[in-house]
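# Sequence and predicted structure are below.
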Number of protein chains: 2
Amino acid sequence: MMNLDTTFAALADPTRRAILSRLALGETTVGELAAPFSISLPAISRHLRVLEHASLIVREKDGQHRRCRLDPRSLKGASEWLDFYRRFWSEAFDRRDDHLKQTEGDDHGHDVDKHDG
Amino acid sequence: MMNLDTTFAALADPTRRAILSRLALGETTVGELAAPFSISLPAISRHLRVLEHASLIVREKDGQHRRCRLDPRSLKGASEWLDFYRRFWSEAFDRRDDHLKQTEGDDHGHDVDKHDG
DNA sequence: TAGTTATTTAACTAATACGTTAAATGATGA
DNA sequence: TCATCATTTAACGTATTAGTTAAATAACTA
């Protein structure tokens, strides 16, 4: 789906992040993916559906199995969104109070969500 | 709270991302923050509670008002988590299939969630 | 064809999320 | 003190989410 709502919502679940972490090591099947978890296979299957819907993974049939692999597009999108805020924790802006005081009041009535695309 | 579940869940809502985007311009009050949105003030107040709980903002009393400002800690944490996956979309790894085939099968039984802390 | 394996769908439950309106709190100022 | 302004809390409705077990689908194997 490739929108930030869906991406961040998908990343908010620890099981799903663990699945992505496993897929970072290489593509694999649903069963293999499910093995380390204590939850049921249908639960994993739904997590995979969420991840696929969020364009975080791609699934393709391989005979009886279904292989899953990482799809970096949404991760990239999320990372880029966060990059906008990088200046707030980067060392160069540690004295950000000065910066905030400087920009404050300059630009009310701006488009508050313009980089939210 | 500073854990990834809470951080990503907080970022999954477009109103909350818009609030963060506004706060990137400088600290402000609840009312000013609420103005551009069509939803009620209590709804905004709850979004702010979620953001504060996720350590994405800090609120402090200022007389009758309550000023809100960005807290970069959780954003940094989320960004760092995503950085782990950067190689999957960076140009250097565009031919990642080769890489996956190479690592696949090397390390089954690994800790699937080890960088999730 | 029948049986087994891999995975998904269906039906359900419990918890959580996001919105509403109305009421409560708390500071300011006449 | 009384009224007002800024904000939060309470109570509620509805939608979504994450889990369960049981049944369905689909592909391989004997």
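Nice, I can see it.
# Look up phi and psi at the spatially closest residue to residue A:67 that is not a sequence neighbour.
Distance criterion Cβ to Cβ, 6 or more residues apart in numbering or on different chains; nearest residue to residue A:67, sequence neighbours excluded, is residue A:27 at 5.3 Å. C-beta: built from backbone N, CA, C; applies to glycine. Main-chain dihedrals, residue A:27, degrees, to the nearest 10: phi -70, psi 150.
# Residue A:27 contacts residue A:65, doesn't it?
No - using Cβ atoms under 8 Å, residue A:27 is not in contact with residue A:65; the gap is 10.8 Å.
# so who does residue A:37 touch?
Residues near residue A:37 by Cβ atoms under 8 Å, 6 or more residues apart in numbering or on different chains: A:15, A:18, A:44.
# Now do the same for the last one: its pLDDT.
With respect to pLDDT, residue A:44 scores 98.
# Likewise for the one 10 residues further on?
At residue A:54, the model reports a pLDDT of 97.
# distance of residue A:22 from residue A:69?
According to Cβ to Cβ, to the nearest Å, residue A:22 and residue A:69 sit 11 Å apart.
# neighbour-wise, which of residue A:27 and residue A:65 wins?
Using other Cβ atoms under 10 Å in any protein chain shown, the more surrounded residue of residue A:27 and residue A:65 is residue A:27, with 21 against 13.
# Please tell me how far residue A:16 sits from DNA strand D.
Distance of residue A:16 to DNA strand D, computed by Cβ to the nearest atom of the strand, to the nearest Å: 7 Å.
# For residue A:72, give me its contacts.
B:85, B:88-89.
# Please report how far it lies from residue B:32.
Applying Cβ to Cβ to residue A:72 and residue B:32 gives a distance of 38 Å.
# same question, residue A:23
Per Cβ to Cβ, residue A:23 is found 43 Å from residue B:32.
# Specify which residue of those two has the higher count of neighbours.
residue A:23 (23 against 14).
# who touches the more buried one in this structure?
A:33, A:57, A:68-70.
# mind redoing it with 7 Å?
A:57, A:68-70 (Cβ atoms under 7 Å, 6 or more residues apart in numbering or on different chains).
# can stretch A:53-62 be found next to chain B?
No - judged by Cβ under 7 Å from any Cβ of the partner chain, stretch A:53-62 stays clear of chain B, getting no closer than 9.6 Å.
# got a list of contacts for that stretch?
A:1-2, A:6-7, A:10, A:20, A:23, A:48, A:51-52, A:66-71, A:73-75.
# Spell out which parts of chain A neighbour DNA strand D.
Contact residues (Cβ under 7 Å from any atom of the strand) of chain A with DNA strand D: A:9, A:12-13, A:15, A:38-40, A:42-43, A:46-47, A:50, A:61, A:63-64.
# Relative to residue A:42, how far out is the residue nearest to residue A:67?
Distance, residue A:27 to residue A:42, using Cβ to Cβ: 21 Å.
# Would you list the phi and psi of the closest residue to DNA strand D within chain A?
Relative to DNA strand D, the nearest point of chain A is residue A:63 (2.5 Å; Cβ to the nearest atom of the strand). When read as degrees, to the nearest 10, the backbone of residue A:63 gives phi 60, psi -120.
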